Every structure is written in structure tokens, then in C-alpha cells.
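Model the following, please.
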Amino acid sequence: METNKTKYHVSQNKVTGTDKHRKWRVRKEGSDKTIKFFETKQEAVLFAKNLAAVNDSFVVIHGVKGKIMEYKDMEGKQKVEAKEPLKKSEKPKKTKYHISREMEVTNKNYKKWRIRKEGSEKTIKYFKTQKEAMEFANALNNETKAVAVHKKTGAIRKQIKSK
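Sure thing, here's the model as predicted:
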């Protein structure tokens, strides 16, 4: 099992107060900060699987008592490790994601917010609000990412670059 990949944990929320009605949470391993809360375990697992699929990572699903129930590799392909450090010219380029509004009238997701990799026509995921799309993009946590957030008109409103 590879340990250098990010792991997203789905677990029952033990927090009380304003978030007590939110029963399940997704968090990144090593952090106590919750990425997002959910009413059901199924919603939390689906969100974590989407993060893992986009981020080449794992999902760890905990049961009600905290015991690990499932450990899933969401990569779907075999990864070959480099035997020696990559040369500067071989290092991966920054991946840039775009958050924009679906404006194709015939699309069933018309006027929903979407995330796409730069240069791709394929949408990673649709969201009801721009805020939800930005939360998802921030949760991708890819060291080589940049995010361009577009206005409803299509013009770039904000660019977020990783450090």
C-alpha cells in the first residue's frame, strides 16, 4: 500500500453545536479540519470518491464506531515510480482547473457551476453554487494546481495559485 498518496477520511461527526445536525464529515488525513459535512454517509462517500478520483488518492471509510470499514484506491491504473529524480524539463506542469458556469442551453446542467481541467471539454463535476465548486477545488489539494474562477459572463474573476 502506497503511503505517499493523500487519504481522505469519511467518518461520523462527533462535533456538537452548530454542526451537530451534520452527521458525517470528510477530512484529509493528518488534519482535524473538516472539508465538508453531510447528512448521510452515502453523500460523504460520494464526495470523497470524487476528490480521490481527481486527486489520484485514497478514500478511507470509517464505521459508526470509528473502525476502518473500507480502504479504496481510486486511481484505477497502475502508477510507475521514477527510479531517479526527474530533470527540470520532465517535471509535471501545473494543472490548472477552471470554475465556470455551464451556458449550453441544451445541457441538463444549464447554469450550474462546473470544474474542468484546462484544455479539457470534460466536466469533472457540477455544483449548484460557485461557492460549492470553490470548496471542492480547494479540497483537491494538488501541489501543482492553479484555479481560475470565472464570472457568470465567462471573464476570469479570480486566480488562485498553489505555493
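
Could you give the secondary structure assignment for residue 100?
When classified by DSSP: H, G, I helix; E, B strand; the rest coil, residue 100 comes out as strand.

I'd like the distance between it and residue 126.
To residue 126, residue 100 is 11 Å away according to CB to CB, to the nearest Å. Heads up, the C-betas are built off the backbone N, CA and C, glycines and all.

quick one, which of those two is more surrounded?
Neighbour totals were compared for residue 100 and residue 126, and residue 100 leads with 20 against 15 (other CB atoms under 10 Å).

Distance of that one relative to residue 152?
Per CB to CB, residue 100 is found 9 Å from residue 152.

Now name the helix or strand holding the most centrally placed residue in the chain.
Centrality entry for the chain: nearest residue to the mean C-alpha point is residue 51, 3.2 Å, by CA atoms, centre = their mean. Per DSSP states H and E, residue 51 falls inside helix 41-55.

Contacts for the next helix or strand after that helix next, please.
Counting by DSSP H and E, the next helix or strand C-terminal to helix 41-55 is strand 58-62. Here strand 58-62 makes contact (CB atoms under 8 Å, 6 or more residues apart in numbering) with 5-12, 29, 45, 48-49, 51-52, 68-74.

Next, count neighbours for residue 119.
Residue 119 has 7 neighbours, counted by other CB under 10 Å.

no, scratch that, I was asking about residue 107
13.

State the pLDDT value of residue 114.
Here the pLDDT value assigned to residue 114 is 91.
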